[in-house]
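Student: after the sequence you'll find the predicted model.
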Amino acid sequence: MPRSLLALLVTFAVFAVVVAQRPTEAPLTPLPVADAKPQYWKGNMHTHSLWSDGDDFPEMIADWYKRHGYQFLALTDHNIIADAEKWVDAETTPVRKKAVEKYQARFGRNWLEWREEKGKKQVRLKPLREFRSLLEEPGKFLFVPAEEITTKFAKYPVHMNGINLRDAIKPIEGANVTETIRTNLKLAAEQEAKTTWPNVTFLNHPNFQWGVKAEEMIAAEELRYFEVFNGHSGVRNYGDETHAGCERIWDILLSVRLGKLGLPVVYGVATDDSHAYHEFAIGKTNPGRGWCMVRTQHLTAESIVRAMKAGDFYFSTGVTFDSITKADGKLTLAIRPEPGVTYKTEFVATMKGAPLDSEPVKDKDGKELDVTRKYSDEIGKVVDTSTDANPSYTFTGNELYVRAKVTSSKPHPNPYAKGDTETAWTQPFTP
């Protein structure tokens, strides 16, 4: 046998032995994400910690939300994304002492970093990049980087939450309230275009210190979201005898934008605006009062933002929807009922041709007040009601929009205001 042929046979034999001994790889199976179906994910998008004016550590706050069934959380401290070097005093007040003790008990003394500064014990605030891996779980819990973009015009607070920001936005005060809103919305839009990180930015609590009127929101063409419900006891969601409540502002805003200006709908949001985590009561700025349910296939920040841009979400203080569908000329809800709880659904609409003019609100002496103006009762009118678990509304084609509000008989366990029951709101739908 020729030597070259013998060498070839030996090489082939060795190769065959090596191949025979190589472990057989199991065929790859699709990851769970491959077959995921769209579902509603529960999240809070207005949360404060010791990075600004909250009274607890961000890990402790996120742990609370995760243990209470939330799937995503945005920490929205004022004019900062938690990505810096910061230390806080450990013993300045009884609340701070309690916070440190609870933090150490939950995460362990080795997790805490200590120093002494000018004779005071301090604890390091860990940035999001350090602690997110302790709590995040694929398909179960997610942090979304965010900031409360906090500024004002004159005495009027103008606050907005940027959700899924890459970098903190330094707010700019405009020439008036409307221009302040528009300018800072444009900053968020510019960051999205530059970084390709999609974000949503919503106006916070217009009735906080009566800071923003409906007319100022109407003039802010870029505005697409605002807090209709905010769990902070100082934001005056429900208005008073001279100030419009936030739902009334929403209906005015929708009616004028759709009926006069040809602008898109504005979506509603519910949040906690939580600051206080150690004592729970009416009047305290606690977690667990209002949230958004965002429908998307995947629990990722980008998916949440895309769904919100599409309006595929609702907001709630306790009532849960299994589905919200608009098909065959109907808006239909599937309420998830609880034993012994009753539900009332109100379908709210403004019809085409409803008067959209307004007049000033005046005090007892006839002086015009610097508040949202008075509009027709035809704006935001209840056009149908139901006590069914699967209520529906049939469009006539004459509506500018229709939205639904479901109020339950179940008292909220820690309400924004005395007497509140659990409620949910859909987004507005056009025929």
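Tutor: Yes, it's here.

Student: list the contacts of the residue positioned nearest the centre of the chain.
Tutor: Central residue of the chain (Cα atoms, centre = their mean): residue 45, 3.4 Å from the mean position. Contacts for residue 45 (Cβ atoms under 8 Å, 6 or more residues apart in numbering) come out as 74, 76, 144, 146, 161, 163, 202, 269, 271, 292. To be clear about C-beta, it is placed using only N, CA and C from the backbone, and glycine gets the same treatment.

Student: can you pull the pLDDT of it?
Tutor: Residue 45 carries a pLDDT score of 98 in this model.

Student: count the neighbours of the closest residue to it other than its chain neighbours for me.
Tutor: Spatially, and ignoring its direct neighbours in sequence, residue 45 is nearest to residue 74 (4.4 Å; Cβ to Cβ, 6 or more residues apart in numbering). Using other Cβ atoms under 10 Å, residue 74 is surrounded by 24 other residues.

Student: wait, residue 74 touches residue 48, no?
Tutor: No: assessed by Cβ atoms under 8 Å, residue 74 is found out of contact with residue 48, at 10.9 Å.

Student: the residue nearest to the centre of the chain and residue 219, how far apart?
Tutor: Separation of residue 45 from residue 219 (Cβ to Cβ, to the nearest Å): 25 Å.

Student: how about residues contacting stretch 315-331?
Tutor: 40, 228-229, 268-270, 289-293, 314, 332-336, 343, 347, 392-395, 402, 404, 406-408, 410, 412, 416, 420-426, 429, 431.

Student: give the contact list for residue 306.
Tutor: Each residue near residue 306 by Cβ under 8 Å, 6+ apart is listed here: 198, 296.

Student: pLDDT at it, what is it?
Tutor: In this model, residue 306 carries a pLDDT of 98.

Student: how much space between the residue nearest to residue 45 and residue 88?
Tutor: 21 Å.

Student: now do residue 228
Tutor: Remark: distance between residue 228 and residue 88 (Cβ to Cβ) = 33 Å.

Student: ok, these two, which is more surrounded?
Tutor: More neighbours surround residue 228 than the other of residue 228 and residue 88, with 24 against 15 (other Cβ under 10 Å).

Student: using the three-state scheme, assign that one.
Tutor: strand (DSSP: H, G, I helix; E, B strand; the rest coil).

Student: also residue 294?
Tutor: Three-state assignment for residue 294 (three-state DSSP): strand.

Student: quick check, residue 253 in a helix?
Tutor: Yes: assessed by three-state DSSP, residue 253 belongs to a helix.

Student: how many neighbours does it have?
Tutor: Residue 253 has 26 nearby residues by other Cβ under 10 Å.

Student: pairing partners for whichever strand or helix holds residue 161, with directions?
Tutor: Element membership for residue 161, per DSSP states H and E: strand 156-163. Using DSSP bridges, strand 156-163 pairs in its sheet with strand 146-153 (antiparallel), strand 200-203 (antiparallel).

Student: closest to residue 107 out of these?
Tutor: Closest of these to residue 107 is strand 146-153, at 22.5 Å (criterion: Cβ to Cβ).

Student: quick check: pLDDT value at the residue nearest to residue 45.
Tutor: pLDDT at residue 74 comes out at 98.

Student: in contact with it, which residues?
Tutor: 43-47, 143-146, 161, 163.

Student: same deal with residue 156?
Tutor: 177, 209-212.

Student: same question, residue 207
Tutor: So residue 207 contacts 235-237, 239, 243, 245-246, 249 (Cβ under 8 Å, 6+ apart).

Student: next one: residue 121
Tutor: 89-91, 114-115.

Student: which one of the residues you listed sits in the busiest neighbourhood?
Tutor: residue 90 (20 neighbours).

Student: isn't residue 228 up against residue 250?
Tutor: Yes: at 5.4 Å, residue 228 and residue 250 qualify as touching, with contact defined as Cβ under 8 Å.

Student: quick one on the thing from earlier: could you dump the contacts of residue 207 to JSON lines with pLDDT and distance to residue 97?
Tutor: Formatted as JSON lines, these follow (pLDDT from 0 to 100; distance: Cβ to Cβ, whole Å):
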{"residue": "235", "pLDDT": "97", "distance to residue 97": "29"}
{"residue": "236", "pLDDT": "98", "distance to residue 97": "33"}
{"residue": "237", "pLDDT": "98", "distance to residue 97": "33"}
{"residue": "239", "pLDDT": "98", "distance to residue 97": "39"}
{"residue": "243", "pLDDT": "98", "distance to residue 97": "39"}
{"residue": "245", "pLDDT": "98", "distance to residue 97": "39"}
{"residue": "246", "pLDDT": "98", "distance to residue 97": "37"}
{"residue": "249", "pLDDT": "98", "distance to residue 97": "41"}
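
Student: so which of these are in strands?
Tutor: Counting by DSSP state E, no part of these is found in strands.

Student: neighbour-wise, which one of those residues leads?
Tutor: Per-residue neighbour counts (other Cβ under 10 Å) across those peak at residue 249, which has 25 neighbours.

Student: sorry, back to before: between the contacts of residue 45, which is closest to residue 138?
Tutor: Nearest to residue 138 out of those is residue 144 (Cβ to Cβ; 14.6 Å).

Student: the closest one touches residue 70, doesn't it?
Tutor: No: judged on Cβ under 8 Å, residue 144 makes no contact with residue 70 at a distance of 11.4 Å.

Student: identify the contacts common to those two.
Tutor: Joint contacts of residue 144 and residue 70 (Cβ under 8 Å, 6+ apart) are residue 43.

Student: no further queries at this time; thank you.
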